[in-house]
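1. After the sequence you'll find the predicted model.
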Amino acid sequence: MRILIYGINYAPELTGIGKYTGEMGAWLGEQGHDVTVVTTMPYYPEWEVHPEYRGRGSFIERRGNVQIHRYPIYVPQEVSSIKRILHEFSFLARTSTFWLKSIFTKKYDLVFCVAPPFHIAILPLIYKFIKGGKLIAHIQDLQVDAAKELGMIKNNFFLNSMFGFERFLLKNSSKVSTISEGMKRKILGKGVSENNILMFPNWVDQNTITPVPITDSLRQAWGLGLQDFVVLYSGNLGEKQGLEVIIEVAELTKDLPHLKFVIVGSGGAKAKLEALVAQSNLQNIIFKPLQPYELLPKMLGIANVHLVLQKKSAADLVMPSKLTTILSAGGCAIVTADAGTSLYDLIQNHQVGLICPPESAPALAATIRQASQQDLTVIQANARNYVLHNLTKEAILSSFEISIQHILHQKN
């Protein structure tokens, strides 16, 4: 089938949405589908265009069996609500020429539009109305809900307008797919019928991301001792995670000489975190940049526990993509989540980590102290087994391929 993937983030981005969309596109191409991607230059999570793409105009490249149309857009160095909006609308503006031309070429059987940002679905929806075919709106984050709950946008008229526009886009898509039961419940609340919602969870390549013994990890290269108890946060250093709590916890636990915090990644909050560490003169926190994909298992292998942090207000509006990787590596995750959320249910029902109330430094410090004194091997084994039974790349993408074949045979 002819498949068009439309979204801001794509390979070779190493984390977040771009990683999953890139792997999906490559896999569909390997199955013999005719896959085209419309995206921008890779920039995430650093919020800086990758050097090999910097300064380039629009162009077409191939990665494996996938044709990729790349368009340069505005990428702010410092991210604010207004700058993010400009960033997203610049993508709509720059890619509009592709959609205009596509009206006069062979029809795509399926358009897969990835949110956030939610409003880019307007161009695929116009294409669907004119040319036919099917449109799947895939929700990785509930962007408008998160903007409201995190206080990023406070104008009620603007928020209500965005919610209304979001409902229009979702209800007029052929299907809405999403990654967790909690997000599915939120989408049902927006008026989308259950029959039109497709569960499409994030996966992990279980053959690449495997457990690595501490002795074979990056500990020695990073100056960490084999007897240290290492608490690792790896991924996007953004505002939604509430990462300032790590600094507070490091202060509360500095009496434990072998407890080390390692923060790996890039993002809009990194400079702020580094400044807080400097101000507090903390010696038990180190920062490292994102690591190449081939080093990911060894990087994850340094940790005794992994932090999966979210603000309470972001519950079920986003699902941390890092969790699948942690579980595949046989890691013990400390997850900040309240009862009734998807994260809480997953950890509690399958015993694949430890749970802590969100946005509480004392509670998180106590959980880390407790973890440093207990045997985590059962939790680590449960984590790996959960991935092998529920989150393998081949199983999830094969199921998705069957689902889209069924969608193509349904009447509009």
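-> Right, received. Where do you want to start?

2. Kindly export the helix or strand of the chain with the lowest mean pLDDT (C-alpha atoms) in CSV.
-> Sorting the helices and strands of the chain by mean pLDDT, DSSP states H and E puts helix 143-149 at the bottom, at a mean of 87. Output of helix 143-149 as CSV, limited to C-alpha atoms (Å, rounded to 0.1, in the frame of the first residue of the first chain):
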residue,chain,number,x,y,z
GLN,A,143,-0.7,18.5,23.6
VAL,A,144,-3.6,20.9,24.4
ASP,A,145,-4.5,19.2,27.7
ALA,A,146,-0.8,19.3,28.7
ALA,A,147,-0.5,23.0,27.8
LYS,A,148,-3.6,23.7,30.0
GLU,A,149,-2.6,21.6,33.0
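
3. contacting residues around Y71?
-> For Y71, the contact set (CB atoms under 8 Å, 6 or more residues apart in numbering) comprises V38, T39, T40, S58, F91, R94, T95, F98. Placement of C-beta: from N, CA and C, glycine included.

4. Centre of the chain to stretch 383-403, how far?
-> Relative to its chain's centre, stretch 383-403 lies at 17 Å (CA atoms, centre = their mean, to the nearest Å).

5. outside of it, which residues touch it?
-> 23-24, 27-28, 31, 198, 200-206, 211, 324, 326-333, 350, 352-353.

6. One more: stretch 344-353?
-> With contacts defined as CB under 8 Å, 6+ apart, stretch 344-353 is touched by 181, 308, 323, 327, 332-335, 337-338, 354-355, 378-379, 382-383, 386.

7. With stretch 156-170 instead?
-> 118-119, 121-122, 125, 137, 144, 147-148, 153, 176, 187, 190-192.

8. circling back to that earlier point, so can I have TSV of the contacts of Y71 showing distance to I8 and secondary structure?
-> Conversion of the contacts of Y71 to TSV gives the following (distance: CB to CB, whole Å; DSSP: H, G, I helix; E, B strand; the rest coil):
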residue	distance to I8	secondary structure
V38	10	strand
T39	6	strand
T40	6	strand
S58	15	coil
F91	5	helix
R94	11	helix
T95	9	helix
F98	14	helix
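
9. Which of the contacts of stretch 156-170 are buried, as a PyMOL select command?
-> A single PyMOL command suffices to select whichever of the contacts of stretch 156-170 are buried according to 16 or more other CB atoms under 10 Å:
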select buried, resi 118+119+121+122+125+137+144+147+148+153+176+187+192
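
10. Just the closest of the contacts of stretch 156-170 to A271, please.
-> Using CB to CB, A147 comes nearest to A271 of those, at 22.1 Å.

11. Show me where the stretch 51-200 of the chain has its helices.
-> Here the stretch 51-200 of the chain has its helices, by DSSP state H, counting those that start in this stretch, at 81-102, 122-131, 143-149, 156-171, 181-188.

12. so L276, which of the three states?
-> Secondary structure state of L276, per DSSP: H, G, I helix; E, B strand; the rest coil, is helix.

13. and it, how far is that from T253?
-> 16 Å (CB to CB, to the nearest Å).

14. related to what we said a few turns ago, of the helices of the stretch 51-200 of the chain, which stretch is the most buried?
-> Comparing the helices of the stretch 51-200 of the chain by mean neighbour count (mean count of other CB atoms under 10 Å), helix 143-149 comes out on top with a mean of 21.

15. What about G29? Give its phi and psi, please.
-> Here is the backbone geometry of G29 (degrees, to the nearest 10): phi -60, psi -40.

16. How much space separates it from L170?
-> Per CB to CB, G29 is found 27 Å from L170.

17. and what of W203?
-> Distance from W203 to L170, by CB to CB: 23 Å.

18. Domains in the chain, by residue range?
-> Taking automatic domain parsing as the reference, the chain has its domains at 2-202+393-408, 214-390.

19. Quick one: end-to-end distance for the shortest one.
-> Which is domain 214-390. Start-to-end span of domain 214-390 (CA to CA, to the nearest Å) is 26 Å.

20. In ChimeraX, select just the buried ones from the contacts of stretch 344-353.
-> For the buried members of the contacts of stretch 344-353, the matching ChimeraX selection, counting by 16+ other CB under 10 Å, is:
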select :308,323,327,332,333,334,335,337,354,355,379,382,383,386
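
21. Please list the members of the contacts of stretch 344-353 that lie in strands.
-> Among those, the ones falling in strands (DSSP state E) are V308, A333, I334, V335, L354, I355.

22. could you redo those residues as CSV and give each row pLDDT and distance to K260?
-> Compiled in CSV, the ones in strands among the contacts of stretch 344-353 are given as follows (pLDDT from 0 to 100; distance: CB to CB, whole Å):
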residue, pLDDT, distance to K260
V308, 93, 18
A333, 97, 17
I334, 97, 15
V335, 95, 20
L354, 98, 18
I355, 96, 23
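
23. Return the distance of the nearest residue to S217 once chain neighbours are set aside relative to P211.
-> If the residues on either side of it in the chain are set aside, S217 comes closest to G301, at 3.3 Å by CB to CB, 6 or more residues apart in numbering. Using CB to CB, G301 is found at 7 Å from P211.

24. between these two, what contacts are shared?
-> Shared contacts of G301 and P211 (CB under 8 Å, 6+ apart): A329.

25. which phi and psi does the residue sitting nearest the centre point of the chain have?
-> When the chain is reduced to its mean C-alpha position, the nearest residue by CA atoms, centre = their mean turns out to be G16, at 3.3 Å. Backbone torsions of G16, given as degrees, to the nearest 10, read phi 70, psi -150.

26. tell me the pLDDT at it?
-> Listed pLDDT for G16 reads 87.

27. pretty sure it is touching Y44, no?
-> Yes: the pair G16 / Y44 is scored as a contact, 6.0 Å apart, by CB atoms under 8 Å.

28. Mind listing the shared neighbours of the two?
-> Jointly contacting G16 and Y44 under the rule CB under 8 Å, 6+ apart are N9, N236.
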